[in-house]
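1. Turn this into a structure:
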Amino acid sequence: MLTAMALAVCTAFTAACSSGAGTAAPETTKEAQTQAPSETEKEAAPGAESEAAAAPEGQRHSLTMASGTNGGVFYMLAAAYSQLIPSVNPNMTINVEASAGTNENLALLSSYEADVSFANPGDALSAYEGKREFEGKAATNLRAVMSGNMNYFHVMTLEDSPIKTLEDIKGRKVSVGPTGAPYIMPEIIEAATGFVVNEDYTGEWMSHDQAAEALINGDIDAICATNAIPSSAYSSLTAAHPDVVFISLTEQEISNVTTKHPQSYVPTVIKAGAYSTIKEDTPTVGLRVLMFTNDQVDEDAIYQLTKAIMENTEAAEAIYAPAADYCLETQKESIDSYPLPIHPGAEKYYREAGLIQ
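-> A predicted model of the protein is given here:
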């Protein structure tokens, strides 16, 4: 099933580009596999060094990367790296496993059912500290690899809707993100306004694509979501429906969120033109996505993964624009605030790069 899922994800992503928890830990550390690279792995990603196609000496590694829901940033990042990394290091294979999002990713990695994934930093910290559904089973085996793209808090509705501010969602039906990331939107909304999900408004958990369809069909009154810019789901939504509007957060709402959750959220802006219906800058809050792993993944595997990503950011950006933020400059800004201990493989690379003394 995993192989089929990986093939489906990678095939769908390639086609798009061409058109314009828990089980016990394993007894031993994951070891490198020793098969020859496939013909697909030898194909260079856009912008990758051509000489990278020659397989270097060393261990072979096959990593399972849990992603996210269709139309979301985690899904797109995993698909991009499954294409890029084998092209710059033919000794590495990335197998993509679709997931429901952050919380399922944390469960999969803490139970050693996947090797690498993406999460929102606040949720990763909660899992590590044994909070929420990790109460009594703290995921202290999770390890940080790198910080990446900014995910922006989007609030969307239709032009003729009575919702003109975030506070206007009171009494309304609102999409609050995928089922695999159930806390982020309610957390932001409550911090900003004091509104509690399913008390002050009705929360509906659905994928980004499902939320877009539900808004147009009148099944929900607004969408609240965190996603990279541009989000494929919301780019398509706004392109097809020019009456979709974006709601700004007030200065007080932004202050409320960043004061209550200083380790998770920062003030930011969705720039005018980011989507076809945004005509002026839209103040909001954002968070930097965390790529993470667990303590059983081989040190050299994570070292090679980190090296491949850090040294090929332009090639990654050519596949999926938000991958540009998975770079050394981002790590310089965020490495001291990773919510998890750093994996030894990533630490080795950052020491070589001069980020850690």
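2. Only C-alpha atoms from now on, for both contacts and neighbour counts.
-> Will do.
3. Could you list the domains of this protein?
-> What the record gives for the chain is the domain set 2-148+289-352, 151-288, from automatic domain parsing.
4. shaky segments in this structure?
-> 1-57, 71 (pLDDT under 70).
5. where's the longest strand along it relative to the chain centroid, distance-wise?
-> Criterion DSSP state E: the longest strand present in the chain is strand 142-158. Once both centres are worked out by CA atoms, centre = their mean, to the nearest Å, strand 142-158 turns out to sit 6 Å from its chain's centre.
6. list the helices and strands it packs on?
-> If you count contacts as 3 or more CA pairs under 8 Å, 6 or more residues apart in numbering; DSSP states H and E, strand 142-158 packs onto strand 222-227, strand 244-246, strand 266-270, strand 282-294, helix 299-310, helix 328-334.
7. Can you tell me which of those is packed in deepest?
-> Highest mean neighbour count among these (mean count of other CA atoms under 10 Å): strand 222-227, with a mean of 26.
8. Now do that one against strand 142-158: the angle between them, please.
-> Put simply, strand 222-227 runs at 150 degrees to strand 142-158, going by axes from the mean of the first three to the mean of the last three CA atoms, to 10 degrees.
9. Sheet-wise, list the partners of strand 222-227 with their directions.
-> Here strand 222-227 is paired, per DSSP bridges, with strand 142-158 (antiparallel), strand 173-175 (parallel).
10. Report the angle between the longest one and helix 299-310.
-> What that stands for is strand 142-158. Using the same axes, to 10 degrees: strand 142-158 against helix 299-310 is 40 degrees.
11. For Ala144, give me its contacts.
-> 290-293, 338-343 (CA atoms under 8 Å, 6 or more residues apart in numbering).
12. same thing but 7 Å
-> Listed by CA atoms under 7 Å, 6 or more residues apart in numbering, the contact partners of Ala144 are 291-293, 338, 340-343.
13. for these, which one is nearest Thr238?
-> Distance to Thr238, by CA to CA, is smallest for Met291 among the contacts of Ala144, at 28.9 Å.
14. Can you tell me the closest non-neighbouring residue to Ser126?
-> Once flanking residues are discounted, Ser126 sits nearest to Arg132: 6.9 Å by CA to CA, 6 or more residues apart in numbering.
15. quick revisit: tabulate the helices and strands packed on strand 142-158 (CSV), appending distance to Ala138.
-> Below are the helices and strands packed on strand 142-158 laid out as CSV (distance: least, CA to CA, whole Å):
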stretch, distance to Ala138
strand 222-227, 25
strand 244-246, 38
strand 266-270, 26
strand 282-294, 13
helix 299-310, 23
helix 328-334, 24
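16. now for these, which one comes closest to Asn105?
-> Here strand 282-294 is closest among the helices and strands packed on strand 142-158 (CA to CA), at 9.5 Å.
17. For the closest one, name the packing helices and strands.
-> Applying 3 or more CA pairs under 7 Å, 6 or more residues apart in numbering; DSSP states H and E, one finds that strand 282-294 makes contact with helix 102-110, strand 116-119, strand 142-158, strand 266-270.
18. neighbouring strands for the last one, and are they parallel or not?
-> Yep, that's strand 266-270 we're talking about. Strand 266-270 has the following strand partners under DSSP bridges: strand 282-294 (antiparallel).
19. That's all I had, so thanks and see you.
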